[in-house]
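A.B. asks: Below is the sequence, then the predicted model.
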Amino acid sequence: MNAAELGLTAVRGVQIAASLSVFGIAVFCGAITPPVLRTTAGATRDRIETSLRRLFHASLAVAIVAALIWLVAQAAFMAEAESMADAATAVWPVLTATRFGHVLGARVLLLALSGVAFADGSSNGRRVMAAVIAGLALVLHIWSTHAAAAEGTDRVVLLGAEALHLLAAGAWLGSLAPLLIAIGMLAPDHGARAALRFSPLGIVCVLVLAAAALAQSWILIGGIPRLVGTDYGRVALLKLTLLLVLLALASANRYRYAPAMLGAKSADARRRLRRSIGVETAVGLLVVFAASLLADLRPALHQQPVAQEQATYVGRDSHHHAHFHF
């Protein structure tokens, strides 16, 4: 991949990460915070709600701006533009005459509608509506992935797996930043309640991610040789490793740090929990960028593993020498 392609991958990664954040914050505000904040002092509750509202709107702004940059960059790439003027000229045709443009335009519209639905975040009904609309914006992204190019049963399985994958990633990874904010502002016992309430959602998301990843790997990779012998397979293996790291961090949060916040050393436990969630968030971003890189790579199923290529070359070379000696 050249620098331009890597830049395009990075922009896509930022856009998807911000979209996951929009969805995750709305889910967190609609499902996790209401029962916790009901028993929280008014001033603290207001500070948390204000911080989460700002985080939601900041993520929304990044998602929309990154989508616009992605559109311009993709148009320039598709038109082989040599200047910004050429790129600008190509934007409208790409937006109106390509599936990429249709999908991205619809996603931006849905993201903007989720912001309207969320408003000031004071109504739980609005927060739930914002989560549903942001979830639709995430699901639409599957039509820009390898899943949309598949055929037959594989296409159905991949589209379903990718949709579940995105929603689970958003509900889990997108909720980490608001969880970090809430735990930092809440009293230790209330922070423990928020973390423990979040855990079942995280466990469900992990199971969905694992099942979706297995289905995708079965179809797009096709076996161990291609997993370790192709660029696509190696990036997928890196993504799987990062997911296992995330699972280990989530387990430590659930079974070690959160319960410790109810004990005598609650302040130290809260500090450790916040540090763990911060690391989990950083690793989650790496997972998103690994997924973005996979979207630009040819699926392993359509590549020949390096070992087989070398074996084929050696076989041809040996045949050539044998023929020469004859």
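C.D. replies: Now that the structure is in, tell me what you want to look at.

A.B. asks: Contacts only, for the residue positioned nearest the centre of the chain.
C.D. replies: The residue lying closest to the centre of the chain (Cα atoms, centre = their mean) is residue 288, at 4.3 Å. Residue 288 sits next to 13, 16-17, 20, 169, 173 when contact means Cβ atoms under 8 Å, 6 or more residues apart in numbering. (Glycine included, C-beta is placed from N, CA and C.)

A.B. asks: one more time with 6 Å
C.D. replies: Residue 288 makes contact with 13, 16-17 under the criterion Cβ atoms under 6 Å, 6 or more residues apart in numbering.

A.B. asks: continuing past the helix or strand containing residue 233, what's the next helix or strand?
C.D. replies: In this assignment (DSSP states H and E), residue 233 forms part of helix 231-252. Once helix 231-252 ends, the next helix or strand along the chain (criterion: DSSP H and E) is helix 258-260.

A.B. asks: counting contacts, what elements does the lengthiest helix in the chain pack onto?
C.D. replies: Longest helix in the chain, counting residues (DSSP state H): helix 42-79. Under the contact criterion of 3 or more Cβ pairs under 6 Å, 6 or more residues apart in numbering; DSSP states H and E, helix 42-79 touches helix 3-31, helix 84-97, helix 99-118, helix 176-185.

A.B. asks: out of these, nearest to residue 63?
C.D. replies: helix 3-31 (3.7 Å; Cβ to Cβ).

A.B. asks: any idea which helix or strand comes after the closest one?
C.D. replies: Using DSSP H and E, the helix or strand that directly follows helix 3-31 along the chain is helix 33-37.

A.B. asks: now that next one, how far from the centre of its chain.
C.D. replies: Centroid separation for helix 33-37 versus its chain: 26 Å, with Cα atoms, centre = their mean, to the nearest Å.

A.B. asks: Just the buried residues of it, please?
C.D. replies: Going by neighbour count (16 or more other Cβ atoms under 10 Å), the buried part of helix 33-37 is 33, 36-37.

A.B. asks: Using TSV, please lay out the residues you listed together with distance to residue 71 and pLDDT.
C.D. replies: Formatted as TSV, the buried residues of helix 33-37 follow (distance: Cβ to Cβ, whole Å; pLDDT from 0 to 100):
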residue	distance to residue 71	pLDDT
33	34	87
36	39	83
37	38	83
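
A.B. asks: tell me which residues in the longest helix of the chain are buried?
C.D. replies: Of the residues in helix 42-79, 45, 48-49, 51-53, 55-57, 59-60, 62-64, 66-67, 69-77 count as buried by neighbour count, 16+ other Cβ under 10 Å.

A.B. asks: what's the spacing between the residue nearest to the centre of the chain and residue 194?
C.D. replies: 24 Å (Cβ to Cβ, to the nearest Å).

A.B. asks: what do you get for residue 14?
C.D. replies: For residue 14 relative to residue 194 (Cβ to Cβ), the value is 28 Å.

A.B. asks: and what of residue 239?
C.D. replies: Distance from residue 239 to residue 194, by Cβ to Cβ: 28 Å.

A.B. asks: Who has more neighbours out of these two?
C.D. replies: residue 194 (23 against 20; other Cβ atoms under 10 Å).

A.B. asks: Mind telling me what element the more buried one is part of?
C.D. replies: Per DSSP H and E: helix 188-220 holds residue 194.

A.B. asks: Tell me which other helices or strands that helix touches.
C.D. replies: With contacts defined as 3+ Cβ pairs under 6 Å, 6+ apart, helix 188-220 has these neighbours: helix 152-173, helix 176-185, helix 258-260, helix 266-296.

A.B. asks: returning to that earlier point: I'd like the distance from the helix holding residue 233 to the chain centre, please.
C.D. replies: From the chain centre to the centre of helix 231-252 is a distance of 13 Å (Cα atoms, centre = their mean).
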